[in-house]
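K.L.:
Sequence and predicted structure below; questions after.
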Amino acid sequence: MKLYRHMALSWISFFYALWIVILPVLGMDRGQGWAIGYSLLMALQLYLVQPDFSRYLTFGLSTRVWNGHRRINASLALLLLLVSAPWAFPWWVLIAPALMWVVCMTKRFEPSRLTTSSLIVGSDGDSSTGWFSASPVSQIVLRPQVRAWMWAAIGAAIATAITIVVIKLWDTGVGIVGVIVTLIVLPLVADSIRSSLKDAVAFGLPRGVWAKATLLCTAIPVVLSVLADLVSMMWTGNPAGFTIVCLATTSLLLGFAITDKLTWLYTTALAGVIAALFIAWLINPSVAMGWALTGMATIYVVWVAVYPRMAKKANVFSPGLMGWFGAH
């Protein structure tokens, strides 16, 4: 069990377990849509709780040991489901996870190993620069962050499409889809931001250059949110507030990604100002959305000016707050 504890468990395992327990609480009395989404998500969750095989390769452990630990993780996840799900959802939500558990127990998975192509990444034999130039800024900063933001946009689009289809077909909401996408996508984007800063420092790139490239990448979610509001105005006559939410989320995510003991004041101040804006808006809903958008845009512009200073103070050799999500 000591081997299992050191190899198969991490902060990511803790958040997987917390996720399994919290989602039924969030979905209580929210209708059949949440129950269906939770059932399918938990079936996927039982597959995702498998340990990272690269750690086992590092210590020369066999796939038999990895498969044994994978089965333990799946069984513990199912146990959490049996304890938490019946309090909020009907019994049939356990069918899909139970079937996936049977698959996890009976099938012997073969984890992916290092390949020749992965060994030559960064060498003269690797020319996979994609759409980006071979410069350090493009490959270390722009490429991973642009991909992360695009995946976030695709996830949001899929969640929106699923919600619209379910509402049209069954006249019921599936808010759990948005929760799932948020819990999956945002930590991945934050990890991409922090990892690129660590790589930039390791390769000798100035932190100011990294900050400017990172802020440039946020044009993707901001532009997409503006387009979404324009579509909403054409459809309903009023903006839906996508831009306001996007500016707030994006700036908080940039701060959260590099928050540690040296930079927490920046993120705290930003969160306080944004919270004050939204609270004032909620207290007085008669305020036009244009004024709220102007206020959030002003906060974002100031944040763009301050962010390079925060990046210069960040300790890239400490995981900071991202360490709570398993980042290193």
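P.N.:
All right, it came through fine.
K.L.:
drop to CA atoms for contacts and neighbour counts, all remaining ones
P.N.:
OK.
K.L.:
Could you chop the protein up by domain?
P.N.:
Here the domain parsing of the chain from automatic domain parsing is 2-110, 154-325.
K.L.:
would TSV of the ones you listed with distance to Arg143 be doable?
P.N.:
Output for these, formatted as TSV (distance: least, Cα to Cα, whole Å):
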stretch	distance to Arg143
domain 2-110	24
domain 154-325	9
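K.L.:
okay, these in a markdown table with distance to Ser135 and mean neighbour count next?
P.N.:
Listed next are these as a markdown table, based on distance: least, Cα to Cα, whole Å; neighbours: other Cα atoms under 10 Å:
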| stretch | distance to Ser135 | mean neighbour count |
| --- | --- | --- |
| domain 2-110 | 29 | 17 |
| domain 154-325 | 11 | 17 |
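K.L.:
Out of these, the one nearest Trp131 is which?
P.N.:
domain 154-325 (14.6 Å; Cα to Cα).
K.L.:
which other helices and strands contact whatever helix or strand Gly295 lives in?
P.N.:
Secondary structure assigned from DSSP states H and E places Gly295 in helix 289-313. Judged by 3 or more Cα pairs under 8 Å, 6 or more residues apart in numbering; DSSP states H and E, helix 289-313 is in contact with helix 207-217, helix 242-257, helix 264-283.
K.L.:
for these, which one sits closest to Met310?
P.N.:
Here helix 264-283 is closest among the helices and strands packed on helix 289-313 (Cα to Cα), at 7.0 Å.
K.L.:
Please, which helix or strand holds the residue nearest to Ser84 when sequence neighbours are not counted?
P.N.:
Spatial nearest neighbour of Ser84, chain neighbours left out: Val21 (5.7 Å); criterion: Cα to Cα, 6 or more residues apart in numbering. Using DSSP H and E, Val21 sits in helix 11-26.
K.L.:
and the helix or strand following that helix, what does it pack onto?
P.N.:
Downstream of helix 11-26, the next assigned helix or strand under DSSP H and E is helix 32-48. Here helix 32-48 touches helix 11-26, helix 63-84, helix 95-106, helix 175-202, going by 3+ Cα pairs under 8 Å, 6+ apart.
K.L.:
what angle separates helix 32-48 from helix 95-106?
P.N.:
10 degrees (axes from the mean of the first three to the mean of the last three Cα atoms, to 10 degrees).
K.L.:
With only the CA atoms kept, save helix 32-48 in CSV.
P.N.:
Provided in CSV are the C-alpha atoms of helix 32-48 (Å, rounded to 0.1, in the frame of the first residue of the first chain):
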residue,chain,number,x,y,z
GLN,A,32,-33.1,14.9,-15.1
GLY,A,33,-30.6,16.7,-17.3
TRP,A,34,-28.0,16.9,-14.4
ALA,A,35,-28.6,13.3,-13.6
ILE,A,36,-27.9,12.1,-17.1
GLY,A,37,-24.8,14.3,-17.4
TYR,A,38,-23.5,13.2,-14.1
SER,A,39,-23.9,9.5,-15.0
LEU,A,40,-22.0,9.9,-18.2
LEU,A,41,-19.3,12.0,-16.6
MET,A,42,-18.7,9.6,-13.8
ALA,A,43,-18.3,6.7,-16.3
LEU,A,44,-15.6,8.8,-18.0
GLN,A,45,-14.2,9.7,-14.5
LEU,A,46,-13.6,6.0,-13.7
TYR,A,47,-11.4,5.8,-16.7
LEU,A,48,-9.5,9.0,-16.0
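K.L.:
before we move on, back to that, surely the residue nearest to Ser84 touches Leu80?
P.N.:
Yes - here Val21 reaches Leu80: they are 7.0 Å apart, a contact under Cα atoms under 8 Å.
K.L.:
residues in contact with the helix holding Gly295?
P.N.:
Contact with helix 289-313 is made by 207-208, 211-212, 215, 241, 243-244, 247-248, 251, 255, 258, 262-263, 266, 270, 273-274, 277, 281, as judged by Cα atoms under 8 Å, 6 or more residues apart in numbering.
K.L.:
Now distance to Ser225 and mean pLDDT too, for the helices and strands packed on helix 32-48, in a markdown table please.
P.N.:
A markdown table is the format used below for the helices and strands packed on helix 32-48 (distance: least, Cα to Cα, whole Å; pLDDT from 0 to 100):
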| stretch | distance to Ser225 | mean pLDDT |
| --- | --- | --- |
| helix 11-26 | 26 | 75 |
| helix 63-84 | 36 | 89 |
| helix 95-106 | 35 | 90 |
| helix 175-202 | 15 | 80 |
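K.L.:
Tabulate the ones you listed (JSON lines), appending distance to Ala314.
P.N.:
Converted to JSON lines, these look like this (distance: least, Cα to Cα, whole Å):
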{"stretch": "helix 11-26", "distance to Ala314": "22"}
{"stretch": "helix 63-84", "distance to Ala314": "35"}
{"stretch": "helix 95-106", "distance to Ala314": "41"}
{"stretch": "helix 175-202", "distance to Ala314": "9"}
